[in-house]
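Chemist: Here is my input; please provide its structure:
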Amino acid sequence: VEAEPLVSVLVANYNYAGYIGEALQSVLEQSYAKFEVVVCDDGSTDHSIEVVERCAAQDQRIRLIRQENGGAASALNRAYDAARGEILCVLDADDTFYPAKLSSVVDAFRENEWGLLVHPLMVVDSDGEIIQRKPAFSNFEKGWIADDVARRGARWTYMEASAICFRRSVASLVFPIPEDDFRSWADAYVCTMAAMVAPVGYIDRTLATYRLHGANVSGFSSLDADHGERAMDGYRRLV
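Modeler: Modelled structure (predicted):
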């Protein structure tokens, strides 16, 4: 990694007009300034476009791509295709980065040979009130863990989108994400496949929020049969 690499923040958005402005603002407030934000709007029917365009008018580091609705994988693929950074970070349109996120990630990649990097998230509710840290109990794994991940059937302590960071050399082995299979769980695919082709590292410090609300695909407020079925379907696709 060069002294000051360009960091590309990939944002896939679908009908998150109420949150994406805050998400983009959290990137603009980073202590590390050499970044670009590539937003792919996946056919939103709310006023997301107006929110993103307003933010982009204030800072040229934000770029907007528009497409018809194709799902999470399709939107992330388009954002990745347009990204130019040596380091890539994913940000869900309803989450936020802490101000030291990008500087911490750049330092970690500069000091280590990791290809994929994750970190804890702070789970918050729709109003931004803290619920708990994620992961709450389990520990992150480190190094070459591909054999272990494969033996467990794609299971490891992978994280939601806003905690996923990787080098471009790793991204080139993972993208494009299969769009038919991952209209949802695209972030799980990226995180799992990257762990199969590169050493994994982590920063043991919370660097982003994960917002839990009714519209989350993977979020849940209670464990029920529907959530279990969605989780099993996601794991089936990952395997």
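Chemist: Could you use CA atoms for every contact and neighbour count after this?
Modeler: Fine.
Chemist: what does stretch 229-239 contact?
Modeler: 153-154, 181-182, 185, 188-189, 192, 218 (CA atoms under 8 Å, 6 or more residues apart in numbering).
Chemist: can you put these in a markdown table and add distance to residue 204, secondary structure and neighbour count?
Modeler: Output for the contacts of stretch 229-239, formatted as a markdown table (distance: CA to CA, whole Å; DSSP: H, G, I helix; E, B strand; the rest coil; neighbours: other CA atoms under 10 Å):
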| residue | distance to residue 204 | secondary structure | neighbour count |
| --- | --- | --- | --- |
| 153 | 25 | coil | 12 |
| 154 | 22 | coil | 23 |
| 181 | 32 | coil | 15 |
| 182 | 29 | coil | 20 |
| 185 | 24 | coil | 23 |
| 188 | 20 | helix | 20 |
| 189 | 22 | helix | 25 |
| 192 | 19 | helix | 24 |
| 218 | 23 | coil | 15 |
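Chemist: Any idea which of those the model trusts least?
Modeler: When the contacts of stretch 229-239 are compared by pLDDT, residue 218 scores lowest at 49.
Chemist: for this structure, which spans come out with low pLDDT?
Modeler: Within the chain, the segments meeting pLDDT under 70 span 214-224, 227, 235.
Chemist: same thing but at 80, please
Modeler: 1-2, 214-236, 238-239 (pLDDT under 80).
Chemist: and residue 114, what helix or strand is that in?
Modeler: Using DSSP states H and E, residue 114 is not contained in any helix or strand.
Chemist: Now it: closest residue in space, sequence neighbours ignored.
Modeler: residue 199 (5.1 Å; CA to CA, 6 or more residues apart in numbering).
Chemist: How about the contacts made by that neighbour?
Modeler: Taking CA under 8 Å, 6+ apart, we find residue 199 in contact with 113-116, 142-145.
Chemist: still on that earlier bit, quick one: which of the contacts of stretch 229-239 is nearest residue 15?
Modeler: Closest approach between the contacts of stretch 229-239 and residue 15, by CA to CA: residue 218, at 16.1 Å.
Chemist: Okay, the residue most central in space within the chain and residue 233: tell me how far apart.
Modeler: Geometric centre of the chain, nearest residue: residue 161, 2.4 Å, by CA atoms, centre = their mean. Residue 161 is 18 Å from residue 233, where distance means CA to CA, to the nearest Å.
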